[in-house]
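> based on what follows, work out the 3D shape:
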Amino acid sequence: MDILLVASAFNSLSQRVYAELSDQGYRVDVVLASHGAEAVRAAVREARPELVVAPMLKTALPEDVWREHTCLVVHPGPPGDRGPSSLDWAIAEEASHWGVTVLQAEAAMDAGDVWAAEPFPVSPVGKSDLYRNEVSDAASAAVLLAVRRYAEGSFKPRAQSDPAVRVVWRDFFRQERRRIDWENDSTETVLRKLRGADSQPGVLDELLGREVFLHGGHLEDRLRGRPGDLLATRAGAVCRATRDGAVWIPELRPRKSSGDPAPFRRPAASVLAALPAPPGAAAQGARPGDGPHWLPEDAAPLELPRGRNTWTDIRYRQLGDVGFLTFSFPGGAMSTDHCRRLLAAYRYALARPASVLVLGGSRDFFSNGIHLNVIEAAADPAGESWANLNAMNDLVEAVLRTTDRLVVAALGGNAAAGGVMLALAADQVWCRAGTVLNPHYRRMGLYGSEYWTYTLPRRVGTGAAQRLTTEALPVSAATAARIGLVDRLVPAEPQRFTTEVEHRAAALADTPDLARRIAAKAAARRADEEQRPLAEYRRAELARMRAVFFDPRAPYHALRSAFVRKLPSGSARPLRAVGEQVTGGAR
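Numbering: from 1, shown residues only. Modelled structure (predicted):
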């Protein structure tokens, strides 16, 4: 069956639906609704689909399309729920469970017949994390069920006029509802508001006399101050006092009307560093990284002592003979600073006695490679691209050269580009069954690095490596396991992934032949080094990347800027745009 996906963006959910429908043998094409109604109509005329599925829409489908074709729309709310901000309301009202409904498109918003519905638990995490995990799991299951019912032709959709369906209209969740009252809101309330807008749209607030959007929020257990005051920085985040505690805010986004040349999300401390210090603020001396000199740096140890409940983006812990190095960076993006700090933490982990080291293992993004937002905001984007890539390469090389223990990359969420290659540097890759991998760089006009020319072919073969990097398509976890990109699927719910990884890692550490496997790994590394040193792979890849970074005419710069600033770019048919985008030294 031919299926056309219509999406406002080819985001994580759209990619997952595309990949899993393709796995089922359906022929799937994609058109971006953001390019306008005529682009959708043209795609329908060309693809002549038997079914149209809209996994993520911000605008209505053209009336002539849904009248002439069966169009199924994914709504992130239970049957009867209507409105554009369903998930925001679920978080704000502290719902314990929510749902995803697949509806048939019609004139009234979210009012069509129900083809499938799946419930899910609302975990106490940020909205974007919830969307990429519990919502994505439920949406995938519902779409596959609805498509199967359509293909069978015998299912009668349930009308929302059914008296058993309770219809509730929920208005757009505006900034007035998100506003934080720092004097009166409890820490719990502040965290709920921040998590409910962590990726988009953020919480509009004022800092140092400038309007900014706050993105993300995490509890701080010790620092205290006057409500609303900035208290410290840590790993690029800033700590702000509440009436009964404090919270860490990882990212800020200057309002477009502020005149800031980089009005997009980036580490909070770097945004504050560009603003004038408050009156009476004392300089704190030399500062690590790019942060405000007048705020103290409150570092947290890699191994948090028992009883502490504070935020840090990198942690190490050990259970028996297994070390766990977890990290979580907003959006999965890893800046130069992120890479360098994670490398230092990795070296710390190597100094601990363990026979198995798990890299990752938490829910949501594993890594998406270099940090395009930080690069775009830099005074010298080409130079920052180069520094970031080399820092990423240093990290991947350290993993590749580890020969005294087995390293497991545990992917609880999606990974792309250099983030996939970071995982492939490990001895084993364990992947939650709902993840999506994008093992390519071409959609950003790049050849790629992070030793992919070594790690990818040795796992999937030269031919498959060529296809993955040139076709530039998302890969489901199941396909990744089938082709050898992933060693083990972990069929766990998002909130159970970490525990499941712990059990499997402990079992691996108890394997009787573990010492033999570690010795064989070391021997294989020596043999590979003799055949072609890692330095040669790095040199060849970086030569291609440098040619792009420092060529102002290379498409990478325009593609990066459009991606970061959320500007229209490329074709309305994203799976066909690769050849148009890749020139200027990229393959």
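> could you use CA atoms for every contact and neighbour count after this?
Fine.
> pLDDT weak spots in this protein?
In the predicted model, the chain carries pLDDT under 70 at residues 282-290, 577-587.
> longest helix of it?
As assigned by DSSP state H, the longest helix anywhere in the chain is helix 381-400.
> now do the strands in the stretch 251-400 of the chain.
Secondary structure of the stretch 251-400 of the chain (DSSP state E, counting those that start in this stretch): strands at 251-254, 266-267, 314-319, 322-327, 356-363.
> contact partners of the second one?
Counting by CA atoms under 8 Å, 6 or more residues apart in numbering, the neighbours of strand 266-267 from elsewhere in the structure are 236-237, 250-253, 373-374.
> which one among those residues gets closest to Thr189?
Among the contacts of strand 266-267, Pro250 lies closest to Thr189 (CA to CA), at 17.5 Å.
> and the closest residue to that closest one other than its chain neighbours, what does it touch?
Leaving aside its sequence neighbours, Pro250 sits nearest to Ala237 (CA to CA, 6 or more residues apart in numbering; 4.0 Å). Contacts for Ala237 (CA under 8 Å, 6+ apart) come out as 248-251, 267-269.
> so which of those belong to helices?
Using DSSP H, the contacts of Ala237 in helices are 268-269.
> can you tell me which of the contacts of Ala237 are buried?
248-251, 267-269 (16 or more other CA atoms under 10 Å).
> Arg132 is in contact with Ser12, correct?
Yes. Ser12 lies in contact with Arg132 (CA atoms under 8 Å); the separation is 6.5 Å.
> neighbour-wise, which of those two wins?
More crowded of Ser12 and Arg132, by other CA atoms under 10 Å: Arg132, with 23 against 19.
> how far away is that one from Arg340?
27 Å (CA to CA, to the nearest Å).
> now do Pro457
According to CA to CA, Pro457 stands 27 Å off from Arg340.
> over to Arg544?
In this view, Arg544 and Arg340 are 23 Å apart by CA to CA.
> check Arg41 too.
Between Arg41 and Arg340 the computed distance is 48 Å (CA to CA).
> among the strands of the stretch 251-400 of the chain, which comes closest to Ala95?
Proximity to Ala95 (CA to CA) singles out strand 356-363 among these, at 20.4 Å.
> just the CA trace of the closest one, in CSV.
Only the C-alpha atoms of strand 356-363 are listed here, as CSV (Å, rounded to 0.1, in the frame of the first residue of the first chain):
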residue,chain,number,x,y,z
VAL,A,356,32.1,-3.3,32.0
LEU,A,357,31.4,0.4,31.4
VAL,A,358,28.0,1.6,30.2
LEU,A,359,28.0,4.9,28.3
GLY,A,360,24.6,6.5,28.3
GLY,A,361,21.7,4.5,29.7
SER,A,362,19.2,7.2,30.6
ARG,A,363,16.0,8.0,28.8
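> quick check: angle from it to helix 381-400?
Angle, strand 356-363 to helix 381-400, by axes from the mean of the first three to the mean of the last three CA atoms, to 10 degrees: 130 degrees.
> residues in contact with strand 356-363?
So strand 356-363 is contacted by 321-328, 349, 366, 405-413, 494-495, 497-498, 501, 505, 508-509 (CA under 8 Å, 6+ apart).
> how about a cut-off of 7 Å?
The contact list for strand 356-363 (CA atoms under 7 Å, 6 or more residues apart in numbering) reads 321-327, 366, 405-413, 494, 497-498, 501, 509.
> ramachandran coordinates for the closest residue to Gly80 other than its chain neighbours?
Closest residue in space to Gly80, ignoring its immediate chain neighbours: Val167 at 4.0 Å, by CA to CA, 6+ apart. Note on Val167: its backbone torsions stand at phi -90, psi 130 [degrees, to the nearest 10].
> what's the neighbour count on Val167?
16.
> what sits against the closest residue to Asp321 other than its chain neighbours?
Once flanking residues are discounted, Asp321 sits nearest to Ala354: 4.6 Å by CA to CA, 6+ apart. Contacts for Ala354 (CA under 7 Å, 6+ apart) come out as 321-323.
> which of those residues sits closest to Ser136?
Ser136 lies nearest to Gly323 out of the contacts of Ala354, by CA to CA, at 29.8 Å.
> pretty sure the closest one sits against Arg317.
Yes. Counting by CA atoms under 7 Å, Gly323 does reach Arg317; the two are 6.0 Å apart.
> ok, Pro457 and Arg340, which is more surrounded?
Set Pro457 next to Arg340 and count neighbours by other CA under 10 Å: Arg340 wins out with 18 against 15.
> now for that one: which residues touch it?
The contact partners of Arg340, taken as CA under 7 Å, 6+ apart, are Ala391.
> measure it to Ala391 for me?
Distance from Arg340 to Ala391, counting by CA to CA: 6 Å.
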